[in-house]
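A.B. asks: Take a look and give me a structure for this.
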Amino acid sequence: MSLSASKGIHRQDFEPLVGGILHVPYGYCYRCPINLTYPSCNIDCIDFIERNIFRFNDPSEFAAIFVEPIQGEGGYVLPPEGWHAKLRALCDQHGILLVADEVQTGMGRTGRFFAMDHFGVEPDITCIAKGIANGLPLGAIVAKAEVMDWEYGSHANTFGGNPVACAAAMETIRVIEEEGLLENAIAMGQRLMLGLGHLAEEHPTIGDVRGLGLMVGAELIEPETGEHAKKLRDLVSDKVYYRGMLILGAGPSTMRFLPPLNVTTHEIDLALDIFAQALHEGEVELGMG
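C.D. replies: Predicted coordinates:
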């Protein structure tokens, strides 16, 4: 999650990676960044922004807070219940725009058209890409008229409005809405989560299983220490590949399960079998099982 400031940032502890941008902790309960426990923490990682950012910088200097509804490349992290609502309240309190990055989570991936729908939170701006045109190059920024009040010609790009990509996007939206892909994402996601949960009971190297719909992560750990098992994750990724299944990593040691929205029960069960075989082999090779 990041905050975009319209003026300079002066606190050295939060030196921005890019000018005017600060990064703050996400709601990662499995490895809480501030060493607390949900729900007794009262979602203190949002209060962290007040204590450590707004204490030293006028909140009016910040234009927006950008957030992924579910953290993608950071490890497929699902924040706890109430986290997004508290973030929305913080933005409202200080007049800061809330921008949802739905590039990975949008277009039905989580079983709702947008992942923010799960949390009952309405962002001011939503960023969409990738899935919107089912692989063709297209992105979109969606906002209410009072936010997107630019004058004509104030923003443009060379390849904007590509007619082929736009046609693909219209057909993608139709298929998602009319062919039951949202319902399938929920049902198949539950089957996938249940199967991974059973595997976690048998394999102490699976520390956490999390996700919504067909956006699911299984975090692999060192059983003795609970530390990230990056070597195991990378080894298993190779092994499933040579069995005909592609799984990319996310974060330090998470296996990313991201099947197509029309995935079948047979394909989910096959994926679980392949993953289980590869995981067992990887554990044996690394002396972890």
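A.B. asks: and Gly207, which of the three is it?
C.D. replies: strand (DSSP: H, G, I helix; E, B strand; the rest coil).
A.B. asks: How about the contacts made by the nearest residue to it once chain neighbours are set aside?
C.D. replies: Nearest residue to Gly207, sequence neighbours excluded (C-beta to C-beta, 6 or more residues apart in numbering): Ile221, at 3.6 Å. Heads up, the C-betas are built off the backbone N, CA and C, glycines and all. Listed by C-beta atoms under 8 Å, 6 or more residues apart in numbering, the contact set of Ile221 reads Pro204, Thr205, Ile206, Gly207, Glu227, His228, Ala229, Ser253.
A.B. asks: okay, now the domains of the protein?
C.D. replies: Here the domain parsing of the chain from automatic domain parsing is 2-178, 181-285.
A.B. asks: where among these is the average confidence lowest?
C.D. replies: Sorting these by mean pLDDT places domain 2-178 lowest, at a mean of 90.
A.B. asks: in the protein, which spans are helices?
C.D. replies: All helices of the chain, identified by DSSP state H, fall at 44-49, 83-94, 163-178, 181-202, 230-241, 265-285.
A.B. asks: Now the shortest one: buried residues?
C.D. replies: What it means is helix 44-49. Neighbour-count burial for helix 44-49 flags Cys45, Ile46, Ile49 (criterion: 16 or more other C-beta atoms under 10 Å).
A.B. asks: Name the nearest residue to the first one, sequence neighbours excluded.
C.D. replies: Once flanking residues are discounted, Cys45 sits nearest to Pro25: 4.8 Å by C-beta to C-beta, 6+ apart.
A.B. asks: of the contacts of Ile221, closest to Trp83?
C.D. replies: When those are compared for distance to Trp83 (C-beta to C-beta), Gly207 wins out at 20.3 Å.
A.B. asks: dump the residue contacts of the closest one.
C.D. replies: Contacts of Gly207 by C-beta under 8 Å, 6+ apart are Tyr30, Ala200, Glu219, Leu220, Ile221, Gly226.
A.B. asks: What is the burial count for the third one?
C.D. replies: For Glu219, the neighbour count with other C-beta atoms under 10 Å is 25.
A.B. asks: That one and Leu258: what is the separation?
C.D. replies: Counting by C-beta to C-beta, to the nearest Å, the gap between Glu219 and Leu258 amounts to 15 Å.
A.B. asks: so who does Arg112 touch?
C.D. replies: Counting by C-beta under 8 Å, 6+ apart, Arg112 has contacts His118, Leu182, Gly213.
A.B. asks: same question, Met148
C.D. replies: Met148 neighbours (C-beta under 8 Å, 6+ apart): Ile125, Ile141.
A.B. asks: Kindly recompute the last result at 7 Å.
C.D. replies: Met148 makes no contacts at all, as judged by C-beta atoms under 7 Å, 6 or more residues apart in numbering.
A.B. asks: and the gap between it and Ile221?
C.D. replies: Distance from Met148 to Ile221, counting by C-beta to C-beta: 43 Å.
A.B. asks: Same check on Pro39?
C.D. replies: 23 Å.
A.B. asks: do Met193 as well
C.D. replies: The value you get for Met193 to Ile221, if C-beta to C-beta is used, is 18 Å.
A.B. asks: Brilliant, that's me finished.
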